[in-house]
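>>> I would like to see how this sequence folds:
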Amino acid sequence: MSDWLHGSAHDVALDFEGEVVRYGALARSVATVAAVGLPAGDGPVGCPVGTDPVTLVTLVLAALERGRPVLVGGSRREADDLRGRLPDRTELALLTSGSTGGSPRVVARTNASWLASAGPLADVAGLGADGGASAAGGQGGMRIAVTGPLHVSMHLYGVLHALWLGATATDALDGASVVHATPTRLARVLDDVACPPAAIVAGAALTPALRARAAARGIRLTEYYGAAELSFVLAGRDGELRPFPGVEVELRPDAAGDRLWARSPYLALGVVGGGMLQRDGRGFATVGDLAERTPEGGLRVLGRGDAAITTAGSTVLAEQVEARLESIPGVRAAAVVGEQHEHLGERVAAVVELADGVDLAEVADAARRTMPVDELPRRWFAGPVPRTASGKVARGEVRDALAEGRLGGRPHPGTPVRSDA
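Take a look at the predicted model:
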């Protein structure tokens, strides 16, 4: 049986879109596909976007059983194109586009690098230290919900982790013990009467307002920071993050701030197609995120260094500006980018997604009263905030739309420092 399957044969393993599969049946399906259901040869196996969850999980586990790299989110043709390009020992090839635009890239990792983090995550999130592999027969009564497509690595990991626990992985909130979600998804989950009593949240920083909403409902939050290339790096509660078990971290200064580097057994082997992953000779890696130490001794992730905006001699971070904007009543979401400007170098431009009946001018006025001058957007647009499949703000898409004049409508003028700003 797969290293990920720890449930008893009669326990429910998967419950997606009304299809219920028990552990015994899943193990048999995995064995059958591994024996006769994979494409011929020894190259990567494609598992395209749109594959139904049960088929996707079965195919991923079958490929791992056979030692074949599986391209999660890629077609058979895309998998064939990767032949000879993946690092040695690649087992999981995760297709991702990130939040800053550009061509998709493939994060290559071993199965062991994910398995190694399963126990520590169970401990951090309070899901049972033995991972369901004890004589008690696992966590068969636990239901763990995911809130996004399984070709996105955080959701696929959530399902595999549920199976490792011996729990049921599902897309239904009703009856779930815990839910994996991005902050955007969590905001919607909190509006559901079936909201589970615990949530594991990643993909972006939680705002204080969203954290307060969860607390008001008695939801136990476990937050973590990671990346497809790094896996888990930091974890904690109430916004106070510390190194995830087994992770060493360093803050190294550069022009934009202190860059976060990590060394752990969970790192990817490499990336095909570019991306932000950097390594050093000591086994540390970074994807360019900036961080700072908190007075309590924890770490706060500030955002991606490539999202830094240099305006009028100051450097501001898009994520930090977005968080300030989202704290203004009536702002559901915000996307912030830098726009080239003759006098400022760059000026801060913001797209804000507003609640019904909220006026953009009111939001801009509130921002002027509450935000530092260097972070204050000088161009405002009202509209939906585009996101990647994993729920991150798609700043690359916003940046392209701004440059091409596709944001629609006339922008609010903001707070110019010159008549042409």
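
>>> Show me the helices in the stretch 51-200 of the chain, by range?
With DSSP state H, counting those that start in this stretch as the definition, the stretch 51-200 of the chain shows helices at residue ranges 53-66, 76-81, 111-125, 153-165, 183-189.

>>> Mind putting those helices into TSV with mean neighbour count, mean pLDDT and distance to Val301?
(C-beta placed from N, C-alpha, C; glycine too.) Shown next, in TSV, are the helices of the stretch 51-200 of the chain (neighbours: other CB atoms under 10 Å; pLDDT from 0 to 100; distance: least, CB to CB, whole Å):
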stretch	mean neighbour count	mean pLDDT	distance to Val301
helix 53-66	22	97	29
helix 76-81	16	94	31
helix 111-125	19	97	16
helix 153-165	25	96	15
helix 183-189	20	89	13
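
>>> In TSV: these, plus distance to Ala93.
What follows is these, written out as TSV (distance: least, CB to CB, whole Å):
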stretch	distance to Ala93
helix 53-66	10
helix 76-81	8
helix 111-125	11
helix 153-165	11
helix 183-189	25
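
>>> Met371 is nearest to which of the ones you listed?
Go through the helices of the stretch 51-200 of the chain one by one with CB to CB and the one that ends up closest to Met371 is helix 183-189, at 20.2 Å.

>>> Tell me which residues are up against the closest one.
Counting by CB atoms under 8 Å, 6 or more residues apart in numbering, helix 183-189 makes contact with 147-148, 173, 179, 181, 195-196, 199, 201, 203-207, 210, 213-214, 333, 387, 391, all of which sit outside it.

>>> mind saving the C-alpha coords of the helix or strand containing Leu221 as PDB?
When secondary structure is defined by DSSP states H and E, Leu221 falls within strand 220-227. Output in PDB follows, covering the C-alpha atoms of strand 220-227 (Å, rounded to 0.1, in the frame of the first residue of the first chain):
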ATOM      1  CA  ARG A 220      -8.800  27.500  15.800                       C
ATOM      2  CA  LEU A 221      -6.400  28.800  13.100                       C
ATOM      3  CA  THR A 222      -3.100  27.300  12.200                       C
ATOM      4  CA  GLU A 223      -1.200  29.600   9.900                       C
ATOM      5  CA  TYR A 224       1.900  28.700   7.900                       C
ATOM      6  CA  TYR A 225       4.200  30.300   5.300                       C
ATOM      7  CA  GLY A 226       5.700  28.300   2.600                       C
ATOM      8  CA  ALA A 227       6.100  28.000  -1.200                       C
END
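
>>> so what does the next helix or strand after that strand touch, helix or strand wise?
Following strand 220-227 in sequence order, the next helix or strand is strand 231-237 (DSSP H and E). Counting by 3 or more CB pairs under 8 Å, 6 or more residues apart in numbering; DSSP states H and E, the packing neighbours recorded for strand 231-237 are helix 111-125, strand 220-227, strand 240-243.

>>> Residue ranges in the chain under the pLDDT threshold?
Within the chain, the set of residues satisfying pLDDT under 70 comprises 1, 97-104, 129-140, 313-314, 343, 408-421.

>>> Could you check how far Gly141 is from Ala212?
Distance check for Gly141 against Ala212: by CB to CB, to the nearest Å, it reads 31 Å.

>>> count of residues packed around Glu17?
A count of neighbours around Glu17, defined by other CB atoms under 10 Å, yields 11.
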